[in-house]
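Asker: what shape does this take:
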Amino acid sequence: MKKILLFLACSTLFIGCSKSDDNGEEIDPVFSQEYTPLKSFQDLESGRYSYAGNKIGDRKTGLITESTLCKKDDFIMIYKEATVALDSISYFNYRRAEDKDKDCEMIFEFPRILRNAKLKQAGIMASVITDDNKVLLTEEEKKENPGKEYKIVRKTHYSGDVEIGYQAGYLRIEDRLSDYSRTSKNEKVYLYFKKD
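Answerer: Down below sits the predicted model:
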């Protein structure tokens, strides 16, 4: 009788452990990897980086595939003064075109630009992110600027700290560049890019 009770207790324990193992969450293949904060702009290569995916809040990192319409066209350009200072990061962000003759179009009239970046500490840069827009000149302005039809007006989209570093072979930037609207003030969103 003791052997039967021992067998039943062990079987129950074994089944209970197996079921709890099956309910475990899948590991995020990107976000679970070690994150290395950027320590110096000298460690950041200038040039084009293709969009690879994003991480929104508690969701797993979503990486794009070649067939992902429009998002596969997204990229950033990193401009540097000499090798030390970061001049700017321009984000070329695409969506499905409203014009049926085109597949994709830029979301913003001009790329959204991260400017005036200063590395405050490892992985945290203070920056200003702006949108540029074409505005038609008034008749008075046209007289003052013969041959010009419009001017560029710059508006601040965001001013503050932005996280930047490397994770799983990607450049990871806290998303203040895209048109994504956070569901809460504290929601963390990251964009991942791969150097071309």
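
Asker: in stretch 120-138, what's buried?
Answerer: For stretch 120-138, the neighbour count (16 or more other Cβ atoms under 10 Å) marks 123, 124, 125, 127, 128, 129, 130, 131 as buried. Quick note: C-beta positions are derived from backbone N, CA and C, even for glycine.

Asker: what helix or strand is the last one on?
Answerer: In this case it means residue 131. Residue 131 is part of strand 124-136, with elements assigned from DSSP states H and E.

Asker: where along this protein do the helices fall?
Answerer: Along the chain, counting by DSSP state H, helices occupy 2-22, 139-144.

Asker: which one of the ones you listed has the poorest average confidence?
Answerer: For the helices of the chain, mean pLDDT drops lowest on helix 2-22, to a mean of 44.

Asker: how about residue 46, what does it touch?
Answerer: 78, 79, 80 (Cβ atoms under 8 Å, 6 or more residues apart in numbering).

Asker: make it 10 Å
Answerer: Residue 46 makes contacts with 77, 78, 79, 80, 81, 82, 83, 86, 87, 89, 195, as judged by Cβ atoms under 10 Å, 6 or more residues apart in numbering.

Asker: can I have the buried ones of the residues you listed as a ChimeraX selection?
Answerer: Here is the ChimeraX command that selects the buried residues among the contacts of residue 46 (16+ other Cβ under 10 Å):
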select :78,80,86,87,89
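
Asker: possible to save the contacts of residue 46 as JSON lines with pLDDT and distance to residue 186?
Answerer: Shown next, in JSON lines, are the contacts of residue 46 (pLDDT from 0 to 100; distance: Cβ to Cβ, whole Å):
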{"residue": "77", "pLDDT": "97", "distance to residue 186": "30"}
{"residue": "78", "pLDDT": "96", "distance to residue 186": "28"}
{"residue": "79", "pLDDT": "95", "distance to residue 186": "31"}
{"residue": "80", "pLDDT": "91", "distance to residue 186": "32"}
{"residue": "81", "pLDDT": "81", "distance to residue 186": "34"}
{"residue": "82", "pLDDT": "74", "distance to residue 186": "37"}
{"residue": "83", "pLDDT": "67", "distance to residue 186": "36"}
{"residue": "86", "pLDDT": "90", "distance to residue 186": "27"}
{"residue": "87", "pLDDT": "91", "distance to residue 186": "31"}
{"residue": "89", "pLDDT": "97", "distance to residue 186": "24"}
{"residue": "195", "pLDDT": "97", "distance to residue 186": "30"}
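
Asker: which of the contacts of residue 46 lies closest to residue 176?
Answerer: residue 89 (10.6 Å; Cβ to Cβ).

Asker: hmm, residue 128 and the closest one touching each other?
Answerer: No - between residue 89 and residue 128 there is no contact under Cβ atoms under 10 Å: 11.4 Å.
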